[in-house]
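Enquirer: Give me the fold of what follows.
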Amino acid sequence: MQEPTSADLQCARRDFLIGLGIAGLALFLAACRRVSPGATPTPEGRRTPTSPPSPAPTAASPAVSTPSPSPTRATPTPTSPAPSPVVLTPPPPPPVERPARVALVKTADRAEGVRRALALLGINPVEGKAVLLKPNFNSADPAPGSTHNDVLRTLVEALWEWGARSITVADRSGMGDTRQVMKAKGIFRMADELGFTALVLDELGAEDWVLVQPPGSHWQRGFLFARPILEAGAVVQTCCLKTHAYGGHFTLSLKNSVGMVARYGPDGYDYMQELHASPHQRRMIAEINTAYRPALVVVDGVEAFTSGGPDRGKRVQAEVVLAGTDRVALDAVGIAILRLLGTTPEVTRGTIFAQQQIARAVFLGLGISRPEEIEFLTDDAASADVAAQVRKILEEQGI
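Expert: Purely as a prediction, here's the structure:
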């Protein structure tokens, strides 16, 4: 066989280098195809940025896939993109039931008052359903700074008696760490005793929050709402009777819904700072309520704050318990009771239905629009007398 010449060796070397270059180019192009343009590859197991409870909103139904969860409290790192929430536009509210029936019981005994008010109302909206019960755990202060344990216990027992399939007690505190607030109030022990689940909303992952954007909202980008509330078979809430010194003017059933909204988004956005700094705070409170419709609301007015609040204030023995399903009606009655007791200029000023929380809720179709659409239910002379006094204030100062 003839030995290769120098020219032959140079040609072979050239062909080898050309082949090697083509192979390398092919590998490079294949790698490019695996990463779509503009996308950043995410290595398996990489964690999403940490942040306080963050949302993942849905479209008409909350049961949609959402971004990966992010932890609770820390600020997200700038190197990881925040997950994009899915958006829920609330559907039009159902027709308002008229008249709005409000059970009113005069009593100093909370447990008795809750039982009597529920009996007067005569409904069972929870049989066979997974119930989410939203108390007022804004802080661990004694009632009316927070929900009294007698009210919570009696309400949970009633829900079980009505045949609830499951009960979850859930909240997000505004003036303290929610888990510590629940611990201080003995809620986890009560959960073990009564068989309900205690849920700390701050500890939900990003996939458990939904971005709600009501049409014409005063929220700059909508608000993040807890998915477990949207997916519950029935939502029950219990609130206190009190004023609010930080811009809400009063805090009843409409304001109690603020605890259903995340403080922070996955990108670190502070929804509560936006709310409390906004001149539209009271309208924004009403707008939160477009996200859900309660099956039942119980108002503990055995004691009330007629000034100050929400954690501490001027304590008055109001000795009333209310129950109903119409948040506008219940809040209007609560304002009338505060006026009857003597309250702040903000709560006294103007007509009751012109209060911004009430007026915006009426505009959004969340409840009745006139005081005469309220029907009081009472079971004794003392309760009927209080209802008559409240009715008089509603007629004279309602609209």
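
Enquirer: C-alpha only now, for contacts and for neighbours.
Expert: Noted.

Enquirer: Please identify the buried residues of stretch 114-126?
Expert: Neighbour counts using 16 or more other C-alpha atoms under 10 Å place Val114, Arg115, Arg116, Ala117, Leu118, Leu120, Leu121, Asn124, Pro125, Val126 of stretch 114-126 among the buried residues.

Enquirer: Keeping just the C-alphas, turn it into CSV.
Expert: The C-alpha trace of stretch 114-126 is given here as CSV (Å, rounded to 0.1, in the frame of the first residue of the first chain):
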residue,chain,number,x,y,z
VAL,A,114,-75.8,32.9,69.3
ARG,A,115,-78.2,29.9,69.8
ARG,A,116,-81.3,32.1,70.0
ALA,A,117,-80.3,34.2,67.0
LEU,A,118,-79.7,31.1,64.9
ALA,A,119,-83.0,29.6,66.0
LEU,A,120,-84.8,32.9,65.0
LEU,A,121,-83.1,32.9,61.6
GLY,A,122,-84.3,29.3,61.0
ILE,A,123,-81.9,28.4,58.2
ASN,A,124,-79.4,25.6,57.6
PRO,A,125,-77.1,26.6,54.8
VAL,A,126,-74.3,24.1,55.7
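
Enquirer: Disregarding residues adjacent in the polypeptide, which is nearest to Ala226?
Expert: The spatially closest residue to Ala226, leaving aside those adjacent along the chain, is Trp209, at 4.7 Å (C-alpha to C-alpha, 6 or more residues apart in numbering).

Enquirer: ok, the one you found touching Arg227?
Expert: Yes - checked against C-alpha atoms under 8 Å, the pair Trp209 and Arg227 is within contact range at 5.1 Å.

Enquirer: okay, these two: which has more neighbours?
Expert: Remark: of Trp209 and Arg227, Trp209 carries more neighbours, 34 against 24, as counted by other C-alpha atoms under 10 Å.

Enquirer: where along the chain do the strands fall?
Expert: 87-88, 100-106, 130-134, 166-171, 197-200, 209-212, 223-226, 234-244, 249-251, 296-308, 313-316, 320-324, 374-377 (DSSP state E).

Enquirer: Of those, which is nearest Ile352?
Expert: Shortest distance between Ile352 and the strands of the chain, using C-alpha to C-alpha, is found for strand 249-251: 11.5 Å.

Enquirer: ok, that closest one: who's next to it in the sheet?
Expert: According to DSSP bridges, strand 249-251 forms sheet pairs with strand 234-244 (antiparallel).

Enquirer: Compute the inter-axis angle for the partner strand and strand 130-134.
Expert: With axes from the mean of the first three to the mean of the last three C-alpha atoms, to 10 degrees as the criterion, the two stretches strand 234-244 and strand 130-134 enclose an angle of 0 degrees.

Enquirer: Would you mind giving the strands of the chain as a markdown table with distance to Lys185 and mean pLDDT added?
Expert: Compiled in a markdown table, the strands of the chain are given as follows (distance: least, C-alpha to C-alpha, whole Å; pLDDT from 0 to 100):
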| stretch | distance to Lys185 | mean pLDDT |
| --- | --- | --- |
| strand 87-88 | 34 | 88 |
| strand 100-106 | 26 | 98 |
| strand 130-134 | 15 | 98 |
| strand 166-171 | 13 | 98 |
| strand 197-200 | 12 | 98 |
| strand 209-212 | 26 | 97 |
| strand 223-226 | 22 | 98 |
| strand 234-244 | 16 | 98 |
| strand 249-251 | 20 | 97 |
| strand 296-308 | 17 | 98 |
| strand 313-316 | 19 | 98 |
| strand 320-324 | 21 | 98 |
| strand 374-377 | 32 | 98 |
